[in-house]
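Trainee: Fold the following and give me the result.
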Amino acid sequence: MRISVIGAGAAGSLVAYLLHAGDCEVSLYEKREERRLQLRSRGLRLCGAMEAEEELPVCAPGEADAPFDLIVLAVKAGDCGDALRPLSPFVHRNTLYLSLQDGFAAEELAGMTGKERTLAAMPWFSAEEEEDGTVRVEELRSLVLGGLQDWTEPSGLAAVAEALGRPCATCVGLAEDMRAEAWRRVRAAGVVSALCALLGEVPEGICTRKEIDLYACEAAEECVRVAALQGTDLRESESPWEAAVWRCLRPPMLRDVMSGAATEATWLCGRVVEMGGREGARTPVTSALLSMVRELERGQRSPGMDNLRELERRVGEEKGMSLL
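Mentor: Model (predicted):
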């Protein structure tokens with residue numbers, strides 16, 4: 001199987017290694033010149049829960065010489081169009097597309113490529129790209145794959161799962177209902193990543209504080225209620241802190257706001273607020289978190305523990321509105 005992985009950050013690098021170790025022909029595509037130079041000079045390096053050093057072809061967008069059987073999107077939600085465009089001449093009629101993006105982000109990809117050719121992978125792992133280019137893997141719990149059409153299994157899904165599972169069979173699974181899997185991911189990743197971005201701390205630094213844990217649990221329950229109204233019964237007992245996987249590494253939203261980049265809050269917290277609004281369900285904690293993360297993105301506030309008081313005020317305001 002000939003595969004391109006677009007995005008050589010932590011998630012893309014880890015999955016590229018798994019596919020390479022699974023005997024696939026893999027090329028990494030990365031728009032950051034500095035990252036390309038790192039990978040070409042030092043190779044792909046993983047440390048922590050997974051140790052590896054491999055030499056993989058590393059290309060700039062648009063560099064290819066033959067069609068790909070699978071294109072893996074390991075870029076931010078919202079960037080799919082720009083990421084795919086340079087490789088559009090290098091596909092064939094049976095090329096599959098795999099979204100390695102959080103929450104409901106695969107919906108954006110499916111809108112471009114069609115549900116029948118789109119696969120989704122929920123990344124239940126924590127990893128971060130370090131300054132020297134090494135990817136530190138804190139935990140590789142699972143990578144759950146599935147299609148976006150409930151009534152049929154996409155052609156090629158089993159082959160992709162088999163390739164990913166060869167180096168780490170216990171870490172790869174298949175889900176019949178990827179929408180339910182996305183809701184489970186949003187319940188954990190959305191609230192934990194948003195709280196860490198807002199407060200400027202990794203999960204281990206804030207999860208034991210009672211008032212912060214209460215917000216995390218309330219936001220998770222809001223997600224469960226909205227999912228139920230959408231026809232998905234989560235039945236989750238695990239705390240969002242444990243389910244989200246991150247501990248000492250920075251979750252993506254925290255990394256993004258610290259680097260001045262846009263976050264994926266729209267596809268996580270934003271979906272809970274949007275769908276809750278359609279169903280007439282109030283989501284005071286999630287709504288307050290979403291509004292404050294968007295202010296972080298616009299540079300209107302900075303991450304820090306002093307945001308906790310404003311969060312408390314906004315949650316109280318949202319809850320007051322829900323009584324009207």
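
Trainee: buried stuff in the helix or strand where Ile3 lies?
Mentor: Using DSSP states H and E, Ile3 sits in strand 2-6. Going by neighbour count (16 or more other C-beta atoms under 10 Å), the buried part of strand 2-6 is 3-6. Every residue, glycine included, has its C-beta placed from N, CA and C.

Trainee: what does stretch 283-300 give?
Mentor: Result for stretch 283-300 [16+ other C-beta under 10 Å]: buried residues 283-297.

Trainee: Just the ones of those residues in helices?
Mentor: 284-297 (DSSP state H).

Trainee: Grab the most central residue of this structure for me.
Mentor: Nearest residue to the geometric centre of the chain (C-alpha atoms, centre = their mean): Asp102, 2.7 Å.

Trainee: That one: what's it in contact with?
Mentor: Going by C-beta atoms under 8 Å, 6 or more residues apart in numbering, Asp102 touches 77, 122-123, 185-186, 189, 252, 264, 267-268.

Trainee: where does it land in three-state SS?
Mentor: For Asp102, the assignment made with DSSP: H, G, I helix; E, B strand; the rest coil gives coil.

Trainee: what about it, distance to Ala227?
Mentor: 16 Å (C-beta to C-beta, to the nearest Å).

Trainee: How about Leu19?
Mentor: 31 Å.

Trainee: got it, and Pro86?
Mentor: Pro86 sits 36 Å away from Ala227, going by C-beta to C-beta.

Trainee: higher neighbour count, these two?
Mentor: More crowded of Pro86 and Ala227, by other C-beta atoms under 10 Å: Ala227, with 23 against 17.

Trainee: In space, what's closest to that one - neighbours in sequence excluded?
Mentor: Once flanking residues are discounted, Ala227 sits nearest to Trp183: 4.3 Å by C-beta to C-beta, 6 or more residues apart in numbering.

Trainee: right, and that neighbour touches Arg225 too?
Mentor: No: judged on C-beta atoms under 8 Å, Trp183 makes no contact with Arg225 at a distance of 11.1 Å.

Trainee: Of these two, which one has the most company?
Mentor: Between Trp183 and Arg225, Trp183 has the larger neighbour count (other C-beta under 10 Å), namely 26 against 17.

Trainee: Tell me the secondary structure of that one, please.
Mentor: Going by three-state DSSP, the state assigned to Trp183 is helix.

Trainee: give the contact list for it.
Mentor: Counting by C-beta under 8 Å, 6+ apart, Trp183 has contacts 223, 227, 230, 232, 234.

Trainee: likewise Cys207?
Mentor: Taking C-beta under 8 Å, 6+ apart as the test, what Cys207 contacts is 213, 216, 241.

Trainee: again, but for Asn94
Mentor: Counting by C-beta under 8 Å, 6+ apart, Asn94 touches 69, 155-156.

Trainee: can you list those residues in a markdown table and add distance to Glu108, pLDDT and secondary structure?
Mentor: Below are the contacts of Asn94 laid out as a markdown table (distance: C-beta to C-beta, whole Å; pLDDT from 0 to 100; DSSP: H, G, I helix; E, B strand; the rest coil):
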| residue | distance to Glu108 | pLDDT | secondary structure |
| --- | --- | --- | --- |
| Asp69 | 22 | 94 | strand |
| Ser155 | 22 | 71 | coil |
| Gly156 | 20 | 81 | coil |
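
Trainee: ok, longest helix in this protein?
Mentor: helix 210-229.

Trainee: Thought Arg187 was touching Leu268, still the case?
Mentor: No: counting by C-beta under 8 Å, Leu268 stays clear of Arg187, with 9.6 Å between them.

Trainee: who has more neighbours, the two?
Mentor: Applying other C-beta under 10 Å to Leu268 and Arg187 shows that Leu268 carries more neighbours, namely 32 against 27.

Trainee: Now for that one: which residues touch it?
Mentor: The contact partners of Leu268, by C-beta under 8 Å, 6+ apart, come to 102-104, 186, 189-190, 193-194.

Trainee: which residues pair with Glu25 across the strands?
Mentor: Beta-bridge partners for Glu25, by DSSP bridges, are Arg2.

Trainee: Tell me who's in contact with it.
Mentor: 1-3.

Trainee: Going by contacts, tell me the helices and strands next to the helix or strand harbouring Glu139.
Mentor: According to DSSP H and E, Glu139 maps onto strand 135-147. On a contact count with 3 or more C-beta pairs under 8 Å, 6 or more residues apart in numbering; DSSP states H and E, strand 135-147 meets helix 10-21, strand 44-48, strand 118-129, helix 157-165, strand 172-174, helix 178-185.
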